[in-house]
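Q: sequence first, predicted coordinates after that:
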Amino acid sequence: MSVAYGTISDVRRAPTILHLDMDAFFAAAEQAAKPSLRGKPVVVGGIGGRGVVSTASYEARVFGVRSAMPTAQARRLCPNAAYLTPRFHVYRQVSEKVMALLHELSPLVEPLSLDEAFVDLEAGGVADDAASARAVGEQLRRDILAVTGLTGSVGLAGAKMLAKIASEQAKPDGLVLIEPGTERELLGPMTVRTLPGVGPATAEALRKAGIHTVAETAEAGEAELVRLLGRAHGTGLYAMALGRDDRPVVAERDAKSVSVEDTFEVDLTDRTRVRAEVMRLADRCVQRLRAAGRSGRTVVLKVRNYDFSTLTRSETQRGPTDDPAVVREAAGRLLDLIDTTGGVRLLGVGVTGLADFTQEDLFAQVATERAAEEARLVEEARAVDGAAANSGGEEAEEAAERPRKWLPGLDVVHAEYGPGWVQGSGLGRVTVRFEQPWSAPGRVRTFLVDDPALSPGEALPLVGGGPDVPPVADEGAHPPITSDPLRPMAADPPSPTAPAAPTAAESFPPAAQSSDEPAIRPNSRSADPAAGRPTASSPASSASVAEISSR
Ligand SMILES: [Mg+2]
């Protein structure tokens with residue numbers, strides 16, 4: 001080791017801390033699922049008036065679109081991108097596969113979000129020097145691609161902060177290893193914004209003092225930084241500027257918890273009172289959690305009974321939360337599992353699996369909310385479908401009057417054309433692109449929103465899903481009504497003799513059934529799927545398509 005290394009003694013001597021970050025995760029997953037979007041700008045996020053961008057594909061970033069930007073602003077910057085509502089159930093499935101690969105490397109895996117985690121390779125015994133760490137990182141990237149069909153970037157360094165900076169440098173689809181001893185040289189010219197905890201306000205305070213780069217930050221010295229930023233922040237920033245970061249990789253189960261509990265002078269027997277106390281404790285717990293600037297995944301309920309027997313029950317969320325509603329609801333569900341009829345002496349609510357990240361936090365929060373919203377919309381659509389397909393004429397009519405939410409990006413299946421996804425909707429019509437992850441780019445067709453042949457669909461696997469599912473025929477007898485604004489379609493549609501209906505019929509018998517029984521929807525112009533498509537290149541269909549893309 002070089003002499004200079006002595007100044008950064010808190011960095012371990014081998015680059016065995018790995019930081020994985022999937023590349024443009026949500027957008028990449030959508031491109032993998034939707035062949036027509038590959039190589040195209042894709043923006044995943046809230047698509048409503050006040051929506052915010054979750055992830056932009058690299059093609060969209062070229063136009064300046066960024067995460068956390070209002071979607072309206074993104075649309076101005078990149079009007080031709082596909083704007084899709086998130087499909088969190090898909091991203092979670094992919095995330096679980098990625099995290100499983102990481103756990104094969106080490107018991108010390110610290111997830112930061114669905115697509116990002118630290119791994120201590122040394123603790124896992126899989127690497128103890130630069131060469132072995134690099135080999136593990138490269139193999140991991142290959143495994144992730146094979147298992148998920150998506151790329152991730154890997155940073156390797158002797159400290160978490162540096163590993164994260166390295167993975168950022170590696171993007172997209174790369175690996176960067178920072179040799180211990182080279183940190184200061186590497187960090188020096190970088191903007192001070194590179195350092196953890198330096199947001200716009202801190203950067204502005206530093207800029208006024210003439211400090212722009214990491215090297216200038218280190219040169220300013222600890223005393224000057226403390227004077228500018230206060231003791232805690234100044235001291236921390238000085239250490240970071242020197243590349244010092246001795247924070248360990250913390251597996252979730254080792255993380256501390258935040259909890260609150262109350263003992264009652266008189267045993268509680270009233271179930272309503274018990275529930276009210278649990279809700280109150282949940283709120284207090286979240287207050288503490290937020291005061292500590294933290295969030296956690298696992299909600300724990302503790303109940304001590306009249307006889308001093310103590311029970312704990314826990315529920316792990318998909319991502320870290322500090323949302324009082326999420327903690328309250330989880331605690332409420334846990335309470336449902338416990339018999340309190342004998343009387344309760346003590347109640348406690350805790351959150352464990354803590355993480356001290358901030359931006360990822362918010363992100364996970366948004367994820368939770370969006371997932372709930374998405375699930376609700378899908379449920380609504382299903383309920384309408386069920387009513388339309390299984391009931392008599394009158395009820396079907398009533399159901400048809402309820403608007404169905406066909407959000408762009410969501411999976412659908414058509415009784416005749418098979419699986420596809422919503423490209424856009426508006427003015428009573430929905431445009432669907434019929435393609436699968438393993439197919440060539442598919443064609444778009446437009447239907448009435450209440451077309452009985454159209455149902456919400458299941459997400460298709462991104463890898464390994466092709467062979468079992470027959471390609472969907474795209475008969476020349478039914479030319480697409482809307483011109484395709486996205487791109488010229490594949491010149492050769494799949495064979496017209498390929499079976500089209502089985503997939504749809506198996507997945508959604510009600511939809512298939514209703515398309516066979518047009519009498520069920522007496523007021524529908526679209527009982528016959530072919531007749532359901534608009535008969536001209538109507539403003540409705542072009543408007544709905546324009547929502548997605550019109551390049
Ligand atoms: Mg990422």
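A: Arrived safely.
Q: what parts of the stretch 51-200 of the chain come near the ion?
A: D115 (C-beta under 5 Å from the ion). For glycine as for every other residue, the C-beta is placed from the backbone atoms N, C-alpha and C.
Q: and the helices in the stretch 51-200 of the chain?
A: Ranges of helices within the stretch 51-200 of the chain are 58-61, 71-77, 88-105, 121-124, 130-148, 160-170, 183-187, 200-208, based on DSSP state H, counting those that start in this stretch.
Q: winner for burial among the ones you listed?
A: helix 160-170 (a mean of 23; mean count of other C-beta atoms under 10 Å).
Q: that older thread, now the helices of the stretch 51-200 of the chain in JSON lines, with mean pLDDT?
A: As requested, the helices of the stretch 51-200 of the chain are exported to JSON lines (pLDDT from 0 to 100):
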{"stretch": "helix 58-61", "mean pLDDT": "97"}
{"stretch": "helix 71-77", "mean pLDDT": "95"}
{"stretch": "helix 88-105", "mean pLDDT": "92"}
{"stretch": "helix 121-124", "mean pLDDT": "93"}
{"stretch": "helix 130-148", "mean pLDDT": "97"}
{"stretch": "helix 160-170", "mean pLDDT": "94"}
{"stretch": "helix 183-187", "mean pLDDT": "89"}
{"stretch": "helix 200-208", "mean pLDDT": "90"}
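Q: next, format these as JSON lines and append distance to D336.
A: JSON lines is the format used below for the helices of the stretch 51-200 of the chain (distance: least, C-beta to C-beta, whole Å):
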{"stretch": "helix 58-61", "distance to D336": "44"}
{"stretch": "helix 71-77", "distance to D336": "38"}
{"stretch": "helix 88-105", "distance to D336": "24"}
{"stretch": "helix 121-124", "distance to D336": "38"}
{"stretch": "helix 130-148", "distance to D336": "35"}
{"stretch": "helix 160-170", "distance to D336": "39"}
{"stretch": "helix 183-187", "distance to D336": "51"}
{"stretch": "helix 200-208", "distance to D336": "44"}
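Q: now I178: how far from Q423?
A: Between I178 and Q423 the distance, using C-beta to C-beta, to the nearest Å, works out to 43 Å.
Q: what's near enough to touch the residue nearest to T269 when sequence neighbours are not counted?
A: Nearest residue to T269 in three dimensions, chain neighbours excluded: G343, at 4.9 Å (C-beta to C-beta, 6 or more residues apart in numbering). G343 sits next to 267-269, 305-306 when contact means C-beta atoms under 8 Å, 6 or more residues apart in numbering.
Q: count of neighbours near the residue in the stretch 101-250 of the chain positioned nearest to the ion?
A: At 4.5 Å from the ion, D115 is the closest residue in the stretch 101-250 of the chain, using C-beta to the ion. Other residues lying near D115 total 25 when counted by other C-beta atoms under 10 Å.
Q: quick check: it touching R92?
A: No: in this structure D115 lies outside contact range of R92 using C-beta atoms under 8 Å: 10.4 Å.
Q: which regions of this protein lie under the pLDDT threshold?
A: Residues of the chain that meet the criterion pLDDT under 70 lie in 1-11, 252-256, 292-293, 355-404, 466-551.
Q: domain parsing for it?
A: What automatic domain parsing lists as the domains of the chain is 3-177, 197-241, 255-356, 403-548.
Q: out of those, which gets nearest to P248?
A: Across the domains of the chain, P248 has its closest neighbour in domain 3-177 (7.4 Å, C-beta to C-beta).
Q: which neighbouring elements make contact with the helix or strand harbouring R313?
A: Assigned by DSSP states H and E, R313 falls within strand 310-321. For strand 310-321, the elements it packs on are strand 295-305, helix 324-336, strand 344-355, helix 359-390, judged by 3 or more C-beta pairs under 8 Å, 6 or more residues apart in numbering; DSSP states H and E.
Q: check the offset of that strand from the chain's centre.
A: Centroid separation for strand 310-321 versus its chain: 20 Å, with C-alpha atoms, centre = their mean, to the nearest Å.
Q: list the buried residues in that strand.
A: For strand 310-321, burial by neighbour count (16 or more other C-beta atoms under 10 Å) applies to 313-315, 317-321.
Q: now that strand against helix 88-105, angle please.
A: 110 degrees (axes from the mean of the first three to the mean of the last three C-alpha atoms, to 10 degrees).
Q: which residues does L347 bridge with?
A: D262, V303 (DSSP bridges).
Q: got a list of what it touches?
A: 261-262, 264, 268, 274, 277-278, 281, 301-304.
Q: among the helices of the stretch 51-200 of the chain, which is nearest P452?
A: helix 88-105 (25.1 Å).
Q: just the residues contacting the closest one, thanks.
A: Against helix 88-105 from outside (C-beta under 8 Å, 6+ apart): 18, 20, 22, 25-26, 29, 33, 109, 111, 114-115, 117, 119, 121, 124, 126, 136, 140, 143-144, 147-148, 150, 152, 318, 367, 370-371, 374, 459, 462.
Q: pairing partners for the strand holding R313, with directions?
A: Strand 310-321 has these strand partners (DSSP bridges): strand 295-305 (antiparallel).
Q: one step back: restrict the buried residues of strand 310-321 to contacts with the ion.
A: Of those, not one also sits near the ion (C-beta under 5 Å from the ion).
Q: and of those residues, the nearest to D336?
A: Of those, the one sitting nearest to D336 (C-beta to C-beta) turns out to be R313, at 9.4 Å.
Q: for that closest one, which non-adjacent residue is spatially closest?
A: L334 (4.3 Å).
Q: go on, G174?
A: S153 (5.4 Å).
Q: got a PyMOL select line for the buried ones in the contacts of L347?
A: Applying 16+ other C-beta under 10 Å to the contacts of L347, the buried members can be selected in PyMOL as follows:
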select buried, resi 268+274+277+278+281+301+302+303+304
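Q: list just the nearest of the contacts of L347 to the ion.
A: Of the contacts of L347, the one sitting nearest to the ion (C-beta to the ion) turns out to be L301, at 33.1 Å.
Q: list the contacts of that closest one.
A: Contacts of L301 (C-beta under 8 Å, 6+ apart): 278, 312-314, 331, 334-335, 338, 347-349.
Q: could these be laid out in TSV, adding distance to K208?
A: Supplementary listing: those in TSV, determined by distance: C-beta to C-beta, whole Å:
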residue	distance to K208
V278	49
T312	51
R313	52
S314	48
A331	46
L334	50
L335	53
I338	56
L347	51
G348	47
V349	44
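Q: export the domains of the chain as JSON lines, with columns for distance to G188.
A: Output for the domains of the chain, formatted as JSON lines (distance: least, C-beta to C-beta, whole Å):
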{"stretch": "domain 3-177", "distance to G188": "12"}
{"stretch": "domain 197-241", "distance to G188": "4"}
{"stretch": "domain 255-356", "distance to G188": "27"}
{"stretch": "domain 403-548", "distance to G188": "40"}
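Q: interface residues of the chain facing the ion?
A: So the chain meets the ion at 21-22, 25, 115 (C-beta under 5 Å from the ion).
Q: got the contact list for the residue nearest to G39 when sequence neighbours are not counted?
A: Distances taken as C-beta to C-beta, 6+ apart put E59 closest to G39, at 6.6 Å, once the chain neighbours are dropped. E59 makes contacts with 39-42, 81, as judged by C-beta under 8 Å, 6+ apart.
Q: format the contacts of L347 as a markdown table; extra columns: distance to L77.
A: Shown next, in a markdown table, are the contacts of L347 (distance: C-beta to C-beta, whole Å):
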| residue | distance to L77 |
| --- | --- |
| E261 | 50 |
| D262 | 52 |
| F264 | 57 |
| L268 | 56 |
| V274 | 53 |
| E277 | 50 |
| V278 | 47 |
| L281 | 46 |
| L301 | 46 |
| K302 | 50 |
| V303 | 53 |
| R304 | 57 |
